[in-house]
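# Got a predicted structure here, sequence first:
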Amino acid sequence: MVNQPSNPIDSMDEKKLPLLALRGMIVFPYTVTPLDVGRERSVHALEEAMVQDRLIVLAAQTEARIADPDPEDLFRIGTLAEIKQLLKMPEGQLKVLVEGIRRVKIADFVQEDPYFEVVVEELPEVALPETAEEDPEIEALMRSVIDHFSQYVKLSKKLPAEVLIAIEDIDEPDRLADNIAAQLSVALEVKQNLLSIVDPRDRLEELLVVISKELEILELERRIHLRVRKQMDKSQKEYYLREQIKAIQKELGEHDTSSEVDEYREKIRKAKMPKEAREKAESELARLQRMPPMAAEAVVVRNYLDWLTGLPWNKKTEDRLDVEEAARILDEDHYGLEKVKERILEFLAVRQLTNRTKGPILCLVGPPGVGKTSLAQSIARSMQRKFVRFSLGGVRDEAEIRGHRRTYVGALPGKVIQSIRKAGSSNPVILLDEIDKMTSDFRGDPSSALLEVLDPEQNSNFGDHYLEVTYDLSDVFFITTANVLANIPAPLRDRMEVISIAGYTDEEKLEIAKRHLIPKQTEAHGLKEDQIQISDNTILKLISGYTREAGVRSLERAIASVCRKAAREVVQGHSTPIRVSVTSLESMLGRPRYHRSKAETDHKVGVVTGLAFTQFGGDILSIEITVVPGKGKLILTGQLGDVMKESAQAAFSYIRSIAKLLGIPEDFHEHNDIHIHVPEGAVPKDGPSAGIALTTALASALTNRPVRGDLAMTGEVTLRGRVLPIGGVKEKILAAYRADIRKVLLPKENAKDLEDVPKNIQRRLKIELVDTMDEVLRHALLPLPKVEAEEREPNLSFIPKNEGNGWVERPHEPQ
Ligand code: ADP
């Protein structure tokens, strides 16, 4: 059988046919193709074909862009086609549906205008089996082509899958080859080449080559596409994850590390650290950068960097070194304290002249509430320096001063570095409060660390364990405070210039209250000055009835309570000014807590009022002794410190040595126990200054002679009865004054200390300076009451009964 399409045209030889030039496309036999036709020549050709037998030759232009082709511009192999349909469109356009019949060779161009007319030549026929089954090779070729083509369809995605169904139904090799060729999107030349291959077997082979090549390209495209997509997916995924991390961090209140690192870098730059610290900070920052942001270690590093960059490495306030201005400020903030202020000004003046920051550390010593802190504050104000304070009370661990190493959980720098940061300048005034309250234990001695802080020779390189780099403290002005000088560790005390503040008299307290405390508290409570009036008597009542202190801290608190009550009354619409009188005090603050007894007229046997110096200032101290039958034991009860027990022993020995003089049997201790008791509770009563008081009480108890009730005494005593000087004279005298004592016995050698005691107090208190125990007893012991004396044991009857309040004369001084 010949491969002859079943159409009516048997032979084309010598038949003239119109030709339609195709641009950029090929129409294969056995395919139906729509064409849009607009060129004049083409329209004419179609019209001609329509009037004849609807046959037309389709030949592709070698170059699609030529609008008006010559015969040379057309391929010589074309397709004979039948016009199936023709639609006229507006503006002379035509829509045609053509069906390829068979390939033809253009033999000659008969005419070119108004349309191409050609004579075509039959192409030699190729004998092929009717169906593929008869020729396995063809069969194989066809299957292979279909196979390749179906892959092509899948990969190219340009062709609908139905194309395959149509193709798979075709069993003629020729038709199959043309149908598939028509579907490929390949270059025009390739298609034209396929059209020009007459032998279907060759055409199938060529088709296989073309499709394989296409498949390769498509596969490559697919891979490229896949790679690109993977790349895109990856970056998209990363982007997405990053966004999520950001969102999570935001939720957790953290921020993005990269911006954080930049922030720290900027902070380090701005902090202007010394080289050592800057290098340390930078290396830590590099470490931080490498850590995952959530790591526990990162938190530690961040904290550390915050500390390093938060310190005022290079920030300083400018000093005002003006002694006159300082004097003005000290006076403005404090009443009285003349000597103290003078000492402070001298200290500042020396500092100014020597222009040195090195030098002794100022130490303000005195009971609570006497203005130590506020003096230090005024010093800072007068120098225009920043002020920070921290308390050393209860500090027992070196790390509190010097910080913990960073390896500790929750480690922090020590209090010194913390204060510096709080101050925000590297030359603040730092007040170290209660330096006498430091203790030390197995965790290390804080006082040695403190020594390094305070020592001008060492503190320019102060090493904090946490910081790991040194900080220069040499510009810091350290001031310390203490209640009792004796409790300050000796090496520290050596480096200090001590200024003692004793305590105030009632008159001074009254002035302080009027000038400072009341204005301060009224303002703090939102009251105007004219809204409250507190009379002097009321203030004095506050001082005597509601406070018992050397300073004015409780007084300030009491005034604050009064202001609170007054504020309430003002708000409730009471008429102002609110007058606070002595009587209204009781309704405001309750009944007075303290009663100052009037001069004790009650003279008692064996009871002596001593004077003690405690950390709260001076205080009175009641010493009681009774003699009971026994075997000479010395019984000590109450709050007696070790030193006081020794004093009691000494007093006992001394009395034994003068037993004869006292007129008591020399063997009194063999038949009697002596019980010494110090009832007044809480205050520690250490110190030997109760010596004369103990001795007097013992003498009184043994002789049964009463002791003057309005008398107080202080002084140390030797075994031979000499009275030795003691400390804290002003405090003790103020305490005696507060307790309404009339007469005070003081060691003669303490005469110089009376300078510090306000004159008005000296006038009201009779101060007797004593040198020997004889004198003490002469002042203290009253004669034996008459009636009692007669009833007494004869061993005590030696005491001259009619003598005033004197002491027996010494035996070697004949009467
Ligand atoms: P300290 O540090 O000695 O315990 P503070 O300095 O805290 O005492 O003083 C307690 C209060 O008393 C402060 O409000 C202070 O201003 C005030 N104060 C103490 N002494 C005086 C004074 N001489 N003049 C004015 N106010 C004083």
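Received it, and whenever you're ready, just let me know what you need.
# For burial, what's the neighbour tally of the residue in the chain positioned nearest to the ligand?
In the chain, no residue comes nearer to the ligand than Gly371, which is 2.7 Å away by CB to the nearest ligand atom. C-beta here means a position set from N, CA and C on the backbone, and glycine is covered the same way. Burial of Gly371 is recorded as 24 neighbouring residues (other CB atoms under 10 Å).
# now swap in Met713 and tell me
32.
# cool, His516 as well?
Per other CB under 10 Å, the neighbour tally for His516 reads 18.
# what's near enough to touch it?
Contact analysis of His516 by CB atoms under 8 Å, 6 or more residues apart in numbering lists Asp333, His334, Tyr335.
# Go again with 7 Å.
Taking CB atoms under 7 Å, 6 or more residues apart in numbering as the definition of contact, the neighbours of His516 are Tyr335.
# and what of the one 5 residues further on?
Gln521 is in contact with Glu556, Ile559, Ala560, Cys563, counting by CB under 7 Å, 6+ apart.
# cool, Arg287 as well?
Contacts of Arg287 (CB under 7 Å, 6+ apart): Val301.
# what pLDDT does it get?
At Arg287 the predicted local confidence, pLDDT, stands at 87.
# which of the contacts of Gln521 tops the neighbour count?
For the contacts of Gln521, neighbours were counted by other CB under 10 Å; the highest total belongs to Cys563, with 25 neighbours.
# Pull the contacting residues for it.
Residues touching Cys563, when contacts are defined by CB under 7 Å, 6+ apart, comprise Gln521, Thr522, His525, Leu527, Ile532.
# What helices and strands are in contact with the lengthiest helix in the chain?
Identified as the longest helix of the chain according to DSSP state H is helix 200-251. In this structure, helix 200-251 makes packing contacts with helix 136-156, helix 173-183, helix 188-196, judged by 3 or more CB pairs under 7 Å, 6 or more residues apart in numbering; DSSP states H and E.
# ok, now how distant is the residue nearest to Ser535 when sequence neighbours are not counted from Leu80?
Nearest in space to Ser535, with sequence neighbours left out and distances taken as CB to CB, 6 or more residues apart in numbering, is Ser581 at 6.4 Å. According to CB to CB, to the nearest Å, Ser581 stands 135 Å off from Leu80.
# Settle it for me: which of these two has more neighbours?
For Ser581 versus Leu80, neighbours defined as other CB under 10 Å are more numerous around Leu80 (22 against 13).
# Tell me who's in contact with that one.
For Leu80, the set of contacting residues under the criterion of CB under 7 Å, 6+ apart consists of Met12, Leu55, Val57, Ile101, Arg102, Val104, Val120.
# For the second one, give its distance to Leu17.
Computed as CB to CB, the Leu55 to Leu17 distance reads 6 Å.
# Also the last one?
Using CB to CB, one obtains 6 Å as the distance from Val120 to Leu17.
# which bits of the protein sit near the ligand?
Applying CB under 6 Å from any ligand atom, we find that the chain lies next to the ligand at 334-337, 366, 368-374, 481, 512, 516, 551-553, 556.
# These, buried ones only, as a PyMOL selection?
Here the buried members of the residues of the chain next to the ligand are turned into a PyMOL selection, burial being counted by 16 or more other CB atoms under 10 Å:
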select buried, resi 334+335+336+337+366+368+369+370+371+372+373+481+512+516+551+552+553+556
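# Which members of the residues of the chain next to the ligand occur in strands, if any?
Cross-referencing the residues of the chain next to the ligand with the strands (criterion: DSSP state E) gives Thr481 as the overlap.
# quick one: low-confidence parts of the stretch 601-750 of the chain?
Applying pLDDT under 70 to the stretch 601-750 of the chain flags residues 601, 615-617, 639-641, 680-687.
# Which parts of it are helices?
Under the criterion DSSP state H, counting those that start in this stretch, the stretch 601-750 of the chain carries helices at the ranges 642-657, 659-662, 668-671, 691-703, 729-738.
# returning to that earlier point: what angle do whichever helix or strand comes after the longest helix of the chain and helix 200-251 make?
Using DSSP states H and E, the next helix or strand after helix 200-251 towards the C-terminus is helix 257-271. Helix 257-271 runs at 50 degrees relative to helix 200-251, counting by axes from the mean of the first three to the mean of the last three CA atoms, to 10 degrees.
# Can you tell me what sits against helix 257-271?
By CB under 7 Å, 6+ apart, the surrounding residues in contact with helix 257-271 are Arg278, Ala281, Glu282, Leu285, Leu288, Gln289, Pro293, Leu305, Thr309, Trp313.
# Surely the residue of the chain closest to the ligand is in contact with His334?
Yes - counting by CB atoms under 7 Å, a contact exists between Gly371 and His334, whose distance comes to 5.7 Å.
# intersection of neighbour lists for Val120 and Leu17?
When contacts are counted by CB under 7 Å, 6+ apart, Val120 and Leu17 have Val57 as shared neighbours.
# element containing Gly24, please.
Assigned by DSSP H and E, Gly24 falls within no helix or strand.
# check contacts around it.
Taking CB under 7 Å, 6+ apart, we find Gly24 in contact with Ala64, Leu188.
# Endpoints of stretch 414-432, how far apart?
Looking at stretch 414-432, the gap from its leading to its trailing residue is 13 Å under the measure CA to CA, to the nearest Å.
# now stretch 406-417
Counting by CA to CA, you get 14 Å between the two ends of stretch 406-417.
# what do you get for stretch 673-693?
Start-to-end span of stretch 673-693 (CA to CA) is 19 Å.
# Equivalent analysis for stretch 711-729, please.
Its first and final residues considered, stretch 711-729 spans 16 Å by CA to CA.
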